[in-house]
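can you look at this prediction? I've put the sequence above it.
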Amino acid sequence: MLNIPIKNANSTQKTKEALIDYSFGWQKQHLKSFAAAYRSSPYYEFFEDEFNTIFEDKPKFLLDYTLQCQEMVLEFLGLELNATKTVEYHKIYDSELDLRYLANAKLKQDFKFTEYTQGFSDKHGFISNLSILDLLFMEGTNALTYLESQQIEF
């Protein structure tokens, strides 16, 4: 697991106020970990230069970094998403499709994905729900087609 350190985190802190702590050199560690795991994958070099830029920028807030990462992944997938930040939190969401629970890291999400070739599947077998980056580095431009083919129910 790769974690991004937060300055003075507490239980009452709003997500948008979480400050990233850059004093640990975590960006180099993350970049080396990704390179070690994926350098030999079929599409790592295809995405490498743009992917590396995510570790060069130093946004102040974790939310901004997360949105930057999301934007990069959407670009890799060739998707456009017209999204805006909300101004305030509403406990009750008016939409039919409320997917906020997907952002809760404490809830185990067990989606059943069709197997694709993974870098260490010979040692560990197929690991479902691994990472969108794993899918991109292994399937490249076919990643979106793969995702669209999955029958995911919310």
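Sure thing, it's come through.

so how far is residue 60 from residue 23?
With the distance defined as C-beta to C-beta, to the nearest Å, residue 23 ends up 14 Å from residue 60. The way it works is simple: take the backbone N, C-alpha and C, and place the C-beta from them, glycine included.

likewise for residue 138?
Here the distance between residue 138 and residue 60 works out to 33 Å (C-beta to C-beta).

which one's more surrounded, those two?
With other C-beta atoms under 10 Å as the criterion, residue 138 and residue 60 differ in neighbour count, and residue 138 comes out ahead with 21 against 12.

neighbouring contacts of the strand or helix carrying the more buried one?
Element membership of residue 138 [criterion: DSSP states H and E] is helix 132-139. When contacts are defined by C-beta atoms under 8 Å, 6 or more residues apart in numbering, helix 132-139 is touched by residues 34, 38, 41-44, 47, 51, 73, 76-77, 116-119, 143, 146-147.

now do stretch 56-70
Taking C-beta under 8 Å, 6+ apart as the criterion, the residues outside stretch 56-70 that touch it are 4, 6, 15, 16, 17, 18, 19, 20, 22, 27, 54.

need the next SSE after the longest helix along the chain, C-terminal direction.
The residue-count maximum for a helix in the chain (DSSP state H) belongs to helix 62-77. Scanning forward in sequence from helix 62-77, with DSSP H and E defining helices and strands, the next element found is helix 121-124.

quick one: mean pLDDT over that next one.
pLDDT averaged over helix 121-124 equals 88, rounded to a whole number.

pull the distance from that helix to the chain's centre.
The offset between the C-alpha centroid of helix 121-124 and the centroid of the whole chain comes to 22 Å, using C-alpha atoms, centre = their mean, to the nearest Å.
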